[in-house]
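coords please:
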Amino acid sequence: LKQVFNKDKTFRPKRKFEPGTQRFELHKRAQASLSSGVDLKAAVQLPSGEDQNDWVAVHVVDFFNRINLIYGTICEFCTERTCPVMSGGPKYEYRWQDDLKYKKPTALPAPQYMNLLMDWIEMQINNEDIFPTSVGKCEE
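Numbers count the residues shown, from 1 in each chain. As a prediction, this is how the structure comes out:
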C-alpha cells in the first residue's frame, strides 16, 4: 500500500500543463495547497466552545459553494450531447428520483441531473428546519 499512496507515483501518467496557461496557474495553486503543510484533521476539528451543528452547517454551505464554483467552470463542456448519461465511469449510472416529478429512478443527461442535484441541495440548505439561521433554533 505504501507504493499506492506514494506522492511520486500515480495510476496514470502525470499530466503536464503548459506554463502561462490558466490550467497551469490552477495546477500551481492546487499543488501549493496540497503541499502547504496544512493539517486537514486540525482544520476540520470543532473549535472549543462552538456548537457542532453550527460548525457542520458552515462547512456544508462552504463545500456546496465551492462545488458550485467548480461545476460552473465545467458545465459549458458537458452538454446533453456530450454527456448524455450521468455516470461514474462505465460501471455506474446515476438516476434521479425526487418523489415529486421523478417518482422512479430516471436516467437523465448529466447536465440535467446536475442542475436538479444542485437545486435540491440548495433547497436543503435554505430549509430552516434543516439549517436554521437563527441562534437557539437547533434541536439537539
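
mind listing the helices for this protein?
22-34, 40-44, 52-74, 110-126 (DSSP state H).

and the angle for the longest one with helix 110-126?
What that stands for is helix 52-74. Angle, helix 52-74 to helix 110-126, by axes from the mean of the first three to the mean of the last three Cα atoms, to 10 degrees: 160 degrees.

pull out the buried residues from helix 52-74.
By 16 or more other Cβ atoms under 10 Å, the buried positions in helix 52-74 come out as residue 57. In short, each C-beta sits where N, CA and C put it, glycine included.

what about the chain, any weak spots by pLDDT?
Within the chain, the segments meeting pLDDT under 70 span 1-17, 21-36, 134-140.

can you tell me the centre-most residue of it?
residue 67 (4.1 Å; Cα atoms, centre = their mean).

and residue 40, how far from residue 70?
The spacing between residue 40 and residue 70, counted by Cβ to Cβ, to the nearest Å, is 18 Å.

next: residue 45.
Relative to residue 70, residue 45 is positioned 25 Å away (criterion: Cβ to Cβ).

circling back: make CSV from the helices of the chain and add distance to residue 90 to it.
Converted to CSV, these look like this (distance: least, Cβ to Cβ, whole Å):
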stretch, distance to residue 90
helix 22-34, 26
helix 40-44, 31
helix 52-74, 20
helix 110-126, 14
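
please identify which of these is closest to residue 102.
In terms of Cβ to Cβ, the element of the helices of the chain nearest to residue 102 is helix 110-126, at 8.0 Å.

would you mind giving the domain segments of this protein?
Following the TED database, one gets these domains for the chain: 1-77, 79-133.

need the winner for burial among those domains.
domain 79-133 (a mean of 13; mean count of other Cβ atoms under 10 Å).

now the terminal residues of it, how far apart.
Start-to-end span of domain 79-133 (Cα to Cα, to the nearest Å) is 36 Å.

mind checking how far that domain is from the chain centre?
13 Å (Cα atoms, centre = their mean, to the nearest Å).

not counting sequence-adjacent ones, nearest residue to residue 79?
Spatially, and ignoring its direct neighbours in sequence, residue 79 is nearest to residue 111 (6.3 Å; Cβ to Cβ, 6 or more residues apart in numbering).
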